[in-house]
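K.L.:
Just a sequence and a predicted model for now, questions to come.
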Amino acid sequence: MPTTPPLITAAQAGDREAVAGLYLQHHRAVRSYLARRCPADLADDLAQDVWVRALRALPSYQHTGAPFDAWLLTIARNLLLDHQKRAATQREVLADDPGRHQHGAAPGPEDQVLAELDAAPVRTAVGQLPAVHRQALVLTHWAGLSTAEISHRIGRSPAAIRTIKCRASAALRRQLTAA
């Protein structure tokens, strides 16, 4: 196993100056990586989250010979993917209508109209996706099938299905934000 660079060893031992040195050396690469993949304000937030996660994991970091940046960029990639997954499944609830989504409250006619208005652009955007993307999203979100079930039904590997779902979600998000 390759020898761990002294700056990383010192940071693992709790040396704050070594941690600061790692940050100064590698933060720009982490921030740039994220900025190419998401809006600037989100890239700033995620870059800080990368360092929080890296500092927690630093004591167990084992140098394999790969650049330290590679480890940090893997953390950045995972955080970005986690964020994108959460964003794809979360919906904003307007603060000016706090009673609209109370548990146990029966939906009123206005809720049905609002739901239909929300759904129309989504249906249009989904209809414009390539067939395999549309199929993956429909089977996931409307039929409630797991990746393994979709894989079996479509005849592609689970990894391919995850990629298709990710690309389909990104394309759908682009269409809906462009509208």
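P.N.:
Yes, it's here. Numbering: from 1, shown residues only.
K.L.:
Which helix or strand lies directly C-terminal to the lowest-mean-pLDDT helix or strand in the chain?
P.N.:
Here the helix or strand of the chain ranked lowest by mean pLDDT, DSSP states H and E is helix 109-127, holding a mean of 65. Of the helices and strands lying after helix 109-127 in sequence (DSSP states H and E), the nearest is helix 131-137.
K.L.:
That next one: which residues count as buried?
P.N.:
Using 16 or more other CB atoms under 10 Å as the test for burial, helix 131-137 gives His133, Arg134, Gln135, Ala136, Leu137. Where you see a C-beta, it was placed from the backbone N, CA and C, and this is true even at glycine.
K.L.:
Could I get the average pLDDT for that helix?
P.N.:
Helix 131-137 comes out with an average pLDDT of 84.
K.L.:
just stretch 84-92 next, same as before
P.N.:
Per-residue pLDDT over stretch 84-92 has a mean of 74.
K.L.:
want to try TSV for the buried residues of helix 131-137, with distance to Phe68 as columns?
P.N.:
Listed next are the buried residues of helix 131-137 as TSV, based on distance: CB to CB, whole Å:
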residue	distance to Phe68
His133	37
Arg134	41
Gln135	41
Ala136	36
Leu137	38
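K.L.:
For Thr3, what are phi and psi?
P.N.:
Phi and psi for Thr3, reported as degrees, to the nearest 10, are phi -70, psi 130.
K.L.:
Ser157 too?
P.N.:
For Ser157, the backbone dihedrals are phi -70, psi 160 (criterion: degrees, to the nearest 10).
K.L.:
And it, what's its pLDDT?
P.N.:
Confidence score, pLDDT, at Ser157: 89.
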